[in-house]
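Peer 1: coords please:
(one chain, ligands or ions: 2)
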Amino acid sequence: MKNLTTVRNSLFILIVTLFSLNTTANVYRVGANKNYLSPNALYNANVLQNGDTIEIDAANYIGEAALAVWTADNLLIKGVGGKPHLMANGEYIYGKGIWVLKGNNITVENIEFSRATVPDKNGAGIRLDGIGLTVRYCYFHDNENGILTNNVYDGDILIEYSEFGGNGFEDGYSHNLYIGHANKLTFQYNYSHHAKVGHNLKSRANENYILYNRIMDEEEGKSSRLIDLPNGGFSIVMGNLLMQSAVATNINLLGYGLEGLINMASHEIYVINNTFVNRKTTKGLFLDIADGTSITNISNNIFAGYDETIEETSYTFNNNYIDENIENIAFEDEPNFNYQLTVNSPAINFGSNVAVVNGNSLTPNKSYIHPTSFINRVISNGVIDAGAYEYGNNDTPNCGQILPINNDIYGIESYQANEIIANNTINSNADVSFIAASRIQFLEGFTLEQGAELKAYIGACGD
Ligand SMILES: [Ca+2]
Ligand SMILES: [Ca+2]
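Peer 2: Numbers count the residues shown, from 1 in each chain. Ligands and ions are numbered 1, 2, ... in the order given. Model prediction:
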C-alpha cells in the first residue's frame, strides 16, 4: 500500500472488482518452458476441446512453429507477457496462411501476425473457415491478407483495438481485411493503414457497424478504398477518421454496393460524423454509392479536400462541412493526421441531431484516440460538431460516476495481488484493485484474467 498519497493526488482513483466465474475448460500454455513449445506443437498434440483457453508466451514463433488449425469452438487464444509474434516467413498451413480457424466463435487476443504468403496469393494471418470470430489487441502486417473470412452468410465478427498495416499482394485481390459473407461485422477502435493496392477494410457482411476507427493511407499509402462494402447491406459508418493520400491507387475513399447490391439485408448506409480528408488535389470521390441503394444518409461529416461532385449529391445530405482547402478546417495537426478541431474550426457546432435507426443511435458517443483506443464523446455547447471529434470535449468523469469499461479487456502483464500500480495496469488476481491514471491511459491496457468480470468505479477524486 505504498505511496497512497501520490495515488490520491492523481486525476482520480478507480476501484475495480473482479468476480471469478467457475469454468471446467482447460488452459493450455505455449512457450519455451511450457508444455507446448509453439502454437504448432499444441496443434499437433490434438488435445483441445470446446471452450479451452490457450495462453501463448510473448516470443517470436517463426515459420512452421507459428502455424496451426484450430478446430474446437469457443476457444480463447491470447498472448501473455507481451505480444507473441507469429512470422510465417514462407511457411503456411492448409494452403491458407498462419492460422486457420475451423471452430466457431473463437476469440483471438494480443497476438502479432506477419508475412503470411501462399501460392494463391491470398495468405492470411487469420483465415476463418468456421462461423463467428472475435479479434482484439492484435497486429497484422506484411501478410497477403490480415484477416480473410469465408462466405457462410452466418456468424458475427467483432474486431476491435487492433492494427492492420501493409497487408496485400499488390494485385487488388488481397486486403488489410477481407470479410466475406457473414451475418454481421462490428469493427471498432482499430487502426488500418497502408494496405498494398487492396482495401484497408473490405466487407461483404450483411450488416456492418464501422465505428470510431482510424483508416488512412497517410503519407505514402497506396490503398484502393479505405472502406469497401461491395455488396451493400445495412451499414453504419460513424465516427471514423478516413484519409486518402495523394498517391492512393483509387480516387474513392468509401465504396458501397459497387459489385452489386446482393447482400441479404436492406441496402441502407448511414455515414455519420466521420472526418474525411483527401490529399489528392485534382481528383477525388469521397463516396461512391451504388444506384438502387434504398436509404443513403450522409450527415454531420467533414469533407476536407477535393471532390468535384460532393455538392451535387441527391442523398439525404445534412450538416456536412465541406471545404476543398484542408487548411480551412483548422485541424489540430493535419500534417500528422490529428483531426481534432481547434478553437476557430468552422466545423464546431455544425452538426444536427440524426434520428435513431433500427434501434441504433446515430449520435456518436465515442471518438477514436490513437493508437487503437477511444474516449467518450460529450457534445459541447448543446450542438454536435461535424466530424469525428467534439471541440472542448471534457471526458473527465465526475466523482462517483460508474465508468463504461469493457468486461473483456486485458493487458500484457500481470501484477501481484493488492499491489497499487500508478500507471495503466491493474491487478488481475485481487478481489479489489486500484488504479490511478487518466482515462485514456486506463483504456490503453490493463489486466483482467479470463473468467473474471470487471466493474470499475471512481472511488475517490483528486485534490
Ligand atoms: Ca482510394
Ligand atoms: Ca459542439
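
Peer 1: Give me the domain ranges for the chain.
Peer 2: Structural domains assigned to the chain are 1-26+401-463, 211-395, following automatic domain parsing.

Peer 1: which one of these has the lowest average pLDDT?
Peer 2: Comparing the domains of the chain by mean pLDDT, the weakest confidence falls on domain 1-26+401-463, with a mean of 35.

Peer 1: For residue 188, see how far away residue 40 is.
Peer 2: Taking C-beta to C-beta, to the nearest Å as the criterion, residue 40 is separated from residue 188 by 31 Å. All C-beta atoms are positioned from the backbone trio N, CA, C, and that covers glycine.

Peer 1: again, but for residue 384
Peer 2: 19 Å.

Peer 1: now swap in residue 285 and tell me
Peer 2: Per C-beta to C-beta, residue 285 is found 25 Å from residue 188.

Peer 1: right, and residue 103 touches residue 70 too?
Peer 2: Yes: with contact defined as C-beta atoms under 8 Å, residue 103 counts as touching residue 70 (5.4 Å).

Peer 1: what does stretch 129-138 rub up against?
Peer 2: Taking contacts as C-beta atoms under 8 Å, 6 or more residues apart in numbering, the residues outside stretch 129-138 that touch it are 73, 83, 96, 100-113, 126, 147, 149-150, 152, 154-163, 182, 372, 408-410, 445.

Peer 1: Report the rounded mean pLDDT for it.
Peer 2: Confidence for stretch 129-138, expressed as mean pLDDT, is 97.

Peer 1: Now residue 148: closest residue in space, sequence neighbours ignored.
Peer 2: Distance criterion C-beta to C-beta, 6 or more residues apart in numbering; nearest residue to residue 148, sequence neighbours excluded, is residue 124 at 3.9 Å.

Peer 1: Now the one you found: phi and psi?
Peer 2: Listed backbone geometry of residue 124 is phi -120, psi 150, with angles given as degrees, to the nearest 10.

Peer 1: show me what contacts it?
Peer 2: By C-beta under 8 Å, 6+ apart, residue 124 lies in contact with 96, 97, 98, 116, 143, 144, 145, 146, 147, 148.

Peer 1: Ligand 1 contacts on the stretch 201-350 of the chain?
Peer 2: Residues of the stretch 201-350 of the chain lying close to ligand 1 by C-beta under 5 Å from the ion are 244, 248, 250.

Peer 1: Let me see the contact set for residue 50.
Peer 2: By C-beta under 8 Å, 6+ apart, the residues touching residue 50 are 25, 72, 73, 74, 75, 103.

Peer 1: So which of those wins on neighbours?
Peer 2: Within these, residue 75 tops the neighbour count with 24 neighbours, counted by other C-beta atoms under 10 Å.

Peer 1: Excluding sequence neighbours, find me the nearest residue to that one.
Peer 2: Nearest in space to residue 75, with sequence neighbours left out and distances taken as C-beta to C-beta, 6+ apart, is residue 106 at 4.6 Å.

Peer 1: how close does that neighbour get to residue 344?
Peer 2: As it turns out, when the distance is counted by C-beta to C-beta, residue 106 lies 49 Å from residue 344.
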